[in-house]
Structures are given as structure tokens and as C-alpha cells.
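S.K.: Show me the folded form of this:
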Amino acid sequence: MFPFPLRHILLSFVFFCVLQICISAQIPRIYQENKPAWIQKSSKSPQKINQRDIEAGFVYESLDYQVHIEQKVVYSRQVKEIVSTDGVDQAGQIYVSFSPDYQKLFFHEIQLIRQGKVLNKLDLSKFKVVANETDLSRFLYNGTYAAYLILDDLRVGDKLVISYSLKGFNPAIGNKFADDYYFQGTEPIALNHVSYIAAKDRPVKFKTFNGQSDPRIEPLGQGLISYSWEETNLPVIHSENYEPYWYFNHKYIQISDYQSWQEVADWAGKLNPVVTTNPGGALKNKIEEFWARSKGDAYKYLALVTRFVQNDIRYMGVEVGEYSHRSNNPNKVVEQRYGDCKDKSMLLATFLKTKGIDCELVLVNSYNRYKLEDFLPSPWVFNHMVVKATINDRAQFIDPTFSNQGGNIRDLYFPFYGNALVIKAKTQIEDTPRDVNGKTKVLEQYKSLDSNRAQLIVKTTYTGYQADNNRSMLNSTSRTALEKNYLDYYTKLYPEIKRTDTVKVRDDREKNEIEIIETYEINKFAKTEDATKKKYLTFFASDMFSQIPAVNSNRKAPVSLNFPFTAEYEVQYVSDKAKDIQDAPVFIDRNSYTFGKSVKVDGDTLKMNFQLAIHEPSVAIDKVPEFMEDFNNTEDLFSYSYYINDNGSIGYTNGGISTVSWFAILITCITLAFCGFIFYKWNKKEDKSRLIYEADYVPSIGGWLVLLGLGLVASLLRITVDFFTIGFFYSQLWSAYDIYGVSQGIVFRLLVAFELIINLLTMSLLGFTIYLFFRKRDIFPKVALLTIGVMFFGPVLDLLLIELSGLRIPEESPESYTELIRTMIFGAIWCSYLVKSDRVKETFVVKYRNKEVTPTAVEEVVQQDNPDADNNENIKEL
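M.R.: Numbers count the residues shown, from 1 in each chain. From the prediction side, this is the model:
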């Protein structure tokens, strides 16, 4: 017997050796061999690349991608030319990813060509083979590895040649084949050679995109056919910010030997059959438990099993080999309490079908929202599995990978995945629903405490899918961190802000509604404008602002949007100094989105309202210019700013500190000068159809004329107040519709100019009419008729011009139409009175400068108007 210490040392040594063997056995091997004999040579030579197009310091002199479908081998070769020191860093790392569960990696050559000399750099011992797990961030273990090598002594001017083969296809698709290939990338390519070799009887189909040519087809003998492409001088394709996942402007091809989507569905159904006979163990117990709790009610049972699969089976998958597309046994998933989308969908389907509830598994793409009709049938266009359940002829989609969903099971939110393929016999492509059952409502209430302090109370309400999303966030965030995040957000707007109460969260799972209330106190609430030293307040709907992507004017790609999104944002400023402020409302209504904002004063509260709804996942290419015009000044669009006057009241601005519109002042001066000139000339005219009394015989204003006079004065006061609250003399009003672009901005300016002129003309006419009224001038009735006509037909013409302009202006409020109808009715009454009333004819008889008339003339007038009455009695009555 060895002494104990020696035996301990020997056992440790044996354990270490076994451990090293186990570790070595787990790391996949890589191999070296000559190029496959079936490789085809390109018939073209690389074309010279414009040096100005090189970005990463190297250029692809050639790329070679060849697939032997029957041998299940993919061959790749690339030749990189290093043109700068940046290229040494970028191109000097070799990184090849593979799945050792069904693939083997063979290197054929790694060479450096320097000044015509070939240097062999292929040494497998220098490679590091590491697990790269490209999907681990999504809680998916796919068993992928990478062979990694950093080349030494790489210099500018060198050419690097690398070729290798991957042998083996994913066993999940059996003997079928599907693939796609992109001819362009982030670096220019001098020559790109692509080839697929297939048996003659393999019914492969190809589809080309974005101008890519069709393949050259050549028989190779031995029952094989080659499909190949040779492309030269391929430019760089730059992606743009906020491109949709589905958008590709690269030249690319798709190949598949699946003949229909039904064939794809059949493949998926055979790989993932829903087995309902004799579920055992933990699964059977759960099925019976939930069925008993639901008392046989299908919807209650659906709710129970859905909540269990979503919340109690955590999302984690081991997608190695064929399990990249095959689900695990549902009983195993229940026992281990985790699974990927296939596992969770299969488990939910088993729960339902076991109790006779109709359901199917469904394939979708969670990123691309494919229009499947545009692509060849292929399993690779999908990356996600969900469930479609039908109860009482009512079908609904359920995503078992979601968690913390609330509300009635019938209203369970399901994201828009575009086209879906239901795994069933006689299947067809279906559209997933565009579920927009959810909203964010934000109420920010600022209460003025004194000249420069305010209390801020923020109430945020999430419903529907917005509640689902925020519930997960709340469950994974501590209250301390939550309060800090919210305070940090408002600190960016108001540096001297402090929280005065804890953040209160109310989560109503049944209604699927979350309410969050924050309370703050702000010091130095107002800001000071540098140029004028005036204090002002700015209110900003930042939650909406963040939903609008900032894109360049020369954009050529669609714009991805956060769909679905619906929000209402109301900012209230409570102060006894609030007054009637009006800003030009904004309303934008497009196919992909709608936006509106308005402001009003309600008692002591200034209310600023913003609304934004996104109806589509993206803005189409042909609508991008329109999108950019709509949101070319988002900071002003999503804000209101107001000066603080010396008395504490707030003054008009619109989306920024206001400046005087000299254009409006110029129009005002011209219009008033024109009116003054016309009225000066008109005042000297006489109504020759009327005979006039001497001054001593002019009667006083009485009867209904008193009401007419009061009405004229009241109308002038009302219109004047409205005129100065609209803000005609602020430049922000005139530029409000610049968000629609130059042409729309000009049209809006013309409309504002028309309204300004009509208002000035109406006020001037009213003022002149009132002057004539109290002077009892003979021309008063005609001028009054003209004034009433302008007061009615001016707004009517304005509405007509707005309709013809095509501007997206909100509809007039019911009060506006009521006022217009009231003007029409009273105008008709007073017009009739002015034309037919004897009192009017007898009162307004004074000519310009009161020219003398004789009593005889008076008697003649009375005789003409009252031929059957006694003249003396008539004169006495007057």
C-alpha cells in the first residue's frame, strides 16, 4: 500500500488526466485536406476596384462560394488584398463558425502572397477552437463553435488566400435543400463566383432579387447540373439607420427544392407531431389539475395552461443539431421547466389537444415579417414557432414565449409577425393580426408654487400590450432603481428637481392596466432666454419624440417604426395667471401614422395635448419624403414654449420662443392703409336715393336700432380679442406648417395671410360702420349690409380655401359651425331690418358735413313715404 499522501497525489493525477481527456473530447476537431475535386474555376478575372470605395483597408479580390448539394459540402474561398494599415487589423483574423454536431471543418489553404512569393500559413495547431454561441444572448444554446486564428507578420500590399469546406447539412431537413446567398456586402468585391451542383432529378428552383441575373446552367455529367453566377466589380451596399429587418437592397438569390408551402408545412409537421395519447408523468398531472380548476370550461382552461407555459416554463433552449428545428418531449419540458419557442409551443398545443381543443403549430418570422408570396418555399424563412387555438369557431394566435401578459385570455396580445404558415394539411399562408389593443397615456401636471417653483405630478397609464411590456420591466427592476431612472430622466430637463414622494405603481392584471405616479418639486422652473433675458417655460412630449426616427434627406430605404404604438400625452400647467392662449393646431394623417397637437385654457389650467399613433411597421420608400416633411422639426413639433410676463402670466409662443413676424406687420399696415383710404373716400359720398332732413329734424337712435348698435360694438370687441389671441404677429404661427415642406408651408402662409386680411377688413368695416351709425350717416345701411356680408362670407370662404388647399388641418370645432350659423341667422334678420325698416330710413339721413335742407324737402319725403297720412301728424311723430 502506498502511504496516504502518495495515494492522494496519484488519484489527483489520474483525475486531472481524465478531466483533460473529457475537456479535449468536448472541443471539436478541425481538419486539413486538399480542395475537393468537384470545385469549378471561374471563367472571369477580377476587375479593378476604385480605391475611393475601400473602407476597411482591404478589398476582396475574389470570393468563391460553391455548394455540392448531393455531397452536402459547402466550399468557400476568399482572396483579400491589404491596402492600408487598417486592413491589417481587419483582415488579419480568420474566424470560421460551424456546428460540430453535424458539420466538420476542413481547411485547404491559408497563404500570404507577398511580392509574388507564396507563404504557407496553414498550421492547425495555431488555431483556437472556441464555443461562440451566437444566440446565447437570447437564452439559446446552439452548440456552435468557431475556429479562430490571428495571422502574424501581415503587411500592407499582401494578399491573403483562405479556403475551407464545411461537410454536413442540418439533419433536421433530411435530404431536402434550401439556401440563399448575398452577392454584395460592406466592402467592394472585384469578383464573386457562386455555384450550386445538384442532381438532374432534384427539382431546385432559383429566385433572384434586386437585379441579380439568372444562373448559368451547365451539365457536368454523372447526372449532375451546375447552376452558377460570376459577378465583377460589385459596389459596397451601405445600410441606413432604422432600416426594417426585411429590407435588403443587395443583389441576392434564393434556392430551394421545396415545391410548395404545403411541403414545408408537411416537413414541419413530421418533425414536430403533436402527440396527445397517454401523456405521462408531470405533464399528465398538470393537464388534469388545470382541467379540474377550469371545470371543463375551454376558455378558462386555455387561460390556465397559457399562463403556466408563459410564466412557469422559462425561455431557454438547447438547439443543437436537429433540435434547431425539432421540439423536445413536452413531459421533459414540464420537468425541466425550460424550453425554447418550439418546446413551449409544443407543450401548449399538447395541453390543448389532449382536452379536445383545436389548435395548430404555426411558423413565423419574428424579425422580417416576410411576405411569403415573394419568396420560394423554404424552412429557413422562419425563425419562430407559435400556436393558433380555435374555440367555438373563434381563432386566436398565442405566443407562448411571452410572459407576464394580463387581461382576458380572449384579448391576449399577439405581435404582428406578418405572414404565417400554419402546420396542417391543406394549409395556406395566413396574415397574423395587427393587434393594437394597447395605449400609453401620460399626464404631466405642473402646479405653479411661486414665480420660479413648481410641483410636478406625472401619471402614466399603460393598457393592453403596453402594460405587458412594462410589467416585465417593472418585475426586473428594483423600486430604488426605478425611482432613480425616473428622476434622472426629469433631471435632464430640470437640473434642480427633487422627488417628494415614492413612486407608486398599481398593476391591475385583470384589466391589464398599469398606473405609475411620480411626484416632484422643481426649483428654477423657468429658463432664461439669452438674447432677451426673458423667462420662459418649455413643455416637451419626449416619450413621443423618441418614437420618430431621425433620417437623412437623401434616404433611399424604408423607415422602420415602432409598431404598434399609440400614445396620448397631456401636459397641464396650473396657474391663476393662465389666460386664453391659442396656437395653430397641427394634425398629420398618413397611412403609417397620425399625429396631432393642440392647446387650450380650461379655467386656471393651460392644457397641451399630443397624440401619436403608428399604424404600420415601416414607412414605404415612396412615402419617406412625406415622412421627412412631416417631422423635419421634431423638437418644435413635440413641444410648446411660453414667455413669463412681468405680471406672472404666460405669453404666446408656438413650439419655441416666439419672434415678431414682420411679414404680418407689413400686411397689417398695407391693409389698414388701404381701408383708411377707401373709408376716407367713402365717407364723402352720399346716398342719392335718400332725401335728407336738416340737422334740427334728425331723429334720435331708438327702438331696435339700439340693439343693432350694441351688437356692432360687441362684435368688434369679440373679433378684436380673438384676433390678438390667435397670434398673427408671431413668426411661429406662420411657420407652423413648415413641417409639411416648402410647398405646403407656402400654402399655409397664404391661408394665414388671407385670414389676417379678412380679420383686419372685418374689424375696419365694423369700426367704420359704428362711426357711421352714431353719426346717423345716410350711407350707414349700405355699409352695414356689406359688413354683415363680410362677417359671414369671410369664414365660409376661408373654410372653402382650407378644403381646396389639401392641408392636413383638424376639422373645425362644432362651436365654430354654431357661430357661423348664428352669424347667418342674425345677419339675415338685421339685413332684412336695414332694408325694410322705416326707422332706418328716417334715422340715417345725415349727409357728409350735414348739408342744409329745407323743411319743404322734409314734407316731400314724408308725403312720398306716407301718401295716405296727414303730413303735419307725420312730422310731429318724427
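S.K.: So which residue is smack in the middle of this structure?
M.R.: The C-alpha lying nearest the average C-alpha coordinate of the chain belongs to Leu561 (Cα atoms, centre = their mean; 3.3 Å).
S.K.: what sits against that one?
M.R.: 547, 549, 592-593, 614, 616-619 (Cβ atoms under 8 Å, 6 or more residues apart in numbering). Glycine gets a C-beta too; all of them are placed from N, C-alpha and C.
S.K.: Go again with 6 Å.
M.R.: 614, 618 (Cβ atoms under 6 Å, 6 or more residues apart in numbering).
S.K.: Okay, the nearest residue to Phe414 once chain neighbours are set aside and Val364: tell me how far apart.
M.R.: Leaving out its chain neighbours, the residue that sits closest to Phe414 by Cβ to Cβ, 6 or more residues apart in numbering is Phe397, at 4.4 Å. Phe397 sits at a distance of 9 Å from Val364 (criterion: Cβ to Cβ, to the nearest Å).
S.K.: Give the burial count for the residue nearest to Phe414, as a bare number.
M.R.: For Phe397, the neighbour count with other Cβ atoms under 10 Å is 20.
S.K.: Quick one, grab the pLDDT at it.
M.R.: We have a pLDDT of 97 for Phe397.
S.K.: Spit out the contact partners of it.
M.R.: 386, 388, 414, 432.
S.K.: For it, name its beta-bridge partners.
M.R.: Here Phe397 sits in beta bridges with Lys388, going by DSSP bridges.
S.K.: Mind checking the pLDDT average for stretch 303-322?
M.R.: The model assigns stretch 303-322 a mean pLDDT of 87.
S.K.: That one: which residues count as buried?
M.R.: 303-310, 313, 315, 317-319, 321 (16 or more other Cβ atoms under 10 Å).
S.K.: Which of the residues you listed sits closest to Ile27?
M.R.: Gly321 (17.1 Å; Cβ to Cβ).
S.K.: Buried ones only from the contacts of Phe397, please, as a PyMOL command.
M.R.: In PyMOL, this line selects whichever of the contacts of Phe397 come out buried by 16+ other Cβ under 10 Å:
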select buried, resi 386+388+414+432
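S.K.: Which residue, neighbours along the chain excluded, lies closest to Ile287?
M.R.: Thr354 (5.5 Å).
S.K.: Can you get me a residue count around that neighbour?
M.R.: 21.
S.K.: wait, it sits on Val274?
M.R.: No. Thr354 is beyond contact range of Val274, at 9.2 Å (criterion: Cβ atoms under 6 Å).
S.K.: what secondary structure does Leu456 sit in?
M.R.: Under DSSP: H, G, I helix; E, B strand; the rest coil, Leu456 falls in the strand class.
S.K.: Which residue, neighbours along the chain excluded, lies closest to it?
M.R.: Leu456's closest residue in space is Tyr520 (Cβ to Cβ, 6+ apart), at 4.4 Å.
S.K.: Am I right that that neighbour sits in a strand?
M.R.: Yes. Applying three-state DSSP, one finds Tyr520 inside a strand.
S.K.: so it bridges to which residues?
M.R.: Leu456, Arg499.
S.K.: ok, now Tyr182?
M.R.: Tyr252.
S.K.: show me where the stretch 301-450 of the chain has strands.
M.R.: Using DSSP state E, counting those that start in this stretch, the strands of the stretch 301-450 of the chain run over residues 314-315, 317-318, 338-339, 358-364, 384-391, 394-398, 419-422, 429-431, 438-450.
S.K.: Can I get the ones you listed in a markdown table including distance to Ala298?
M.R.: Listed next are these as a markdown table, based on distance: least, Cβ to Cβ, whole Å:
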| stretch | distance to Ala298 |
| --- | --- |
| strand 314-315 | 26 |
| strand 317-318 | 29 |
| strand 338-339 | 24 |
| strand 358-364 | 10 |
| strand 384-391 | 5 |
| strand 394-398 | 10 |
| strand 419-422 | 20 |
| strand 429-431 | 22 |
| strand 438-450 | 25 |
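S.K.: weakest of those by average pLDDT?
M.R.: strand 317-318 (a mean of 72).
S.K.: Partner strands of that one and their direction?
M.R.: When DSSP bridges is applied, strand 317-318 pairs with strand 140-141 (parallel).
S.K.: tell me the average confidence for the partner strand?
M.R.: Taken as a whole, strand 140-141 has a mean pLDDT of 62.
S.K.: what helices or strands is the next helix-or-strand element following it leaning on?
M.R.: The C-terminal neighbour of strand 140-141 among helices and strands, as given by DSSP states H and E, is strand 145-150. Packing contacts for strand 145-150, counted by 3 or more Cβ pairs under 6 Å, 6 or more residues apart in numbering; DSSP states H and E, involve strand 93-98, strand 128-131.
S.K.: Can you give me the end-to-end span of stretch 267-278?
M.R.: Counting by Cα to Cα, to the nearest Å, you get 24 Å between the two ends of stretch 267-278.
S.K.: Please renumber the chain so that the first residue is 804 from this point on.
M.R.: In the new numbering, first residue 804, that becomes stretch 1070-1081.
S.K.: Which of the residues in that stretch are classified as buried?
M.R.: Buried residues in stretch 1070-1081 (16+ other Cβ under 10 Å): 1070-1072, 1074-1075, 1077, 1079.
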